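A.B. asks: next input, structure requested:
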Amino acid sequence: MQDPNEDTEWNDILRRKGIIPEKTKEKEVTEDQILDIVENTINEKTGRTVNDLEKKTLDELDELEDEEDERVILEYRRKRIAEMQELARKGKYGEVKEISAEDYVQEVNNAGDDVWVVLHLYKSGIPLCSLINQYLTSLARKFPTTKFLKRPIELRGMKLTEAELEWMLGQTKAVQTQITEDPRPKVKDVLFSTLQVDNDSNDW
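C.D. replies: This is a model prediction of the structure:
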């Protein structure tokens, strides 16, 4: 059966013929009534009444305001302490740990869903690998919530700075870095620019 309170042309015809009763009109609420409801709710929640506030002196009102400010500051402090405790709980790494092939599954795969793992596969005696290990040691202290690991292996070299490594780790969201732009030096394509100059000078 169709809803008799629904606004349809059919229901309007049925109402005119007296087959279904007239639709009950909803009580309208004025803006002043809404304001009164909101003020009453606020006063109930704070334990104050409008009459109490009107009877207070300016000094008493200032004291109430100070109490409200203090309550807000205490709430902020409580939240901040909880955030710091959570960070301290998560920030249990702070160093680069060397692992073996046997440790890989435990340290990497089973690290946890909310743990980022940075694994440096390096070769001893390669200056770049030693440099990256130094950078990772510094970054591990800077980002103690990220698990930094290293493992010896064959690796091809390239030039890299600590800022570049931090930026690359930030791009993968492994660390929360303040570096927003790629710090790697921009490489000029000499071959392309030479071809471009040759084309500009060649007017055949």
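A.B. asks: shaky segments in the chain?
C.D. replies: Within the chain, the segments meeting pLDDT under 70 span 1-2, 4, 26-27, 47-54, 90-91, 154-160, 187-204.
A.B. asks: what segments of the protein are helices?
C.D. replies: 9-16, 31-46, 50-55, 58-90, 104, 127-142, 162-171, 190-201 (DSSP state H).
A.B. asks: which among the ones you listed is found nearest to residue 152?
C.D. replies: The closest of those to residue 152 is helix 127-142. By C-beta to C-beta, the value is 8.8 Å. Yep, even glycine has a C-beta here, placed from its N, CA and C like the rest.
A.B. asks: do you know how far the residue sitting furthest away from the middle of the chain is from residue 9?
C.D. replies: When distances are taken from the C-alpha mean of the chain, residue 17 lies farthest, 61.4 Å away, according to C-alpha atoms, centre = their mean. In this view, residue 17 and residue 9 are 13 Å apart by C-beta to C-beta, to the nearest Å.
A.B. asks: measure residue 39 to residue 31 for me?
C.D. replies: The gap separating residue 39 from residue 31 is 13 Å, by C-beta to C-beta.
A.B. asks: the two: which is more packed in?
C.D. replies: residue 39 (11 against 7; other C-beta atoms under 10 Å).
A.B. asks: can you give me the neighbour number for the nearest residue to residue 163 once chain neighbours are set aside?
C.D. replies: Leaving aside its sequence neighbours, residue 163 sits nearest to residue 183 (C-beta to C-beta, 6 or more residues apart in numbering; 4.5 Å). A total of 14 residues lie near residue 183 under the criterion other C-beta under 10 Å.
A.B. asks: ok, residue 183 - contacts?
C.D. replies: Counting by C-beta atoms under 8 Å, 6 or more residues apart in numbering, residue 183 makes contact with 161, 163, 164, 167.
A.B. asks: may I see those residues organised as CSV, with distance to residue 152 and neighbour count added?
C.D. replies: Formatted as CSV, the contacts of residue 183 follow (distance: C-beta to C-beta, whole Å; neighbours: other C-beta atoms under 10 Å):
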residue, distance to residue 152, neighbour count
161, 23, 13
163, 25, 14
164, 22, 17
167, 25, 19
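A.B. asks: which ones are touching the residue nearest in space to the middle of the chain?
C.D. replies: The chain has residue 176 as the residue nearest its centroid, 10.3 Å off, counting by C-alpha atoms, centre = their mean. If you count contacts by C-beta under 8 Å, 6+ apart, residue 176 has them with 143, 170.
A.B. asks: now the one 10 residues further on
C.D. replies: In this structure, residue 186 makes contact with no residue, judged by C-beta under 8 Å, 6+ apart.
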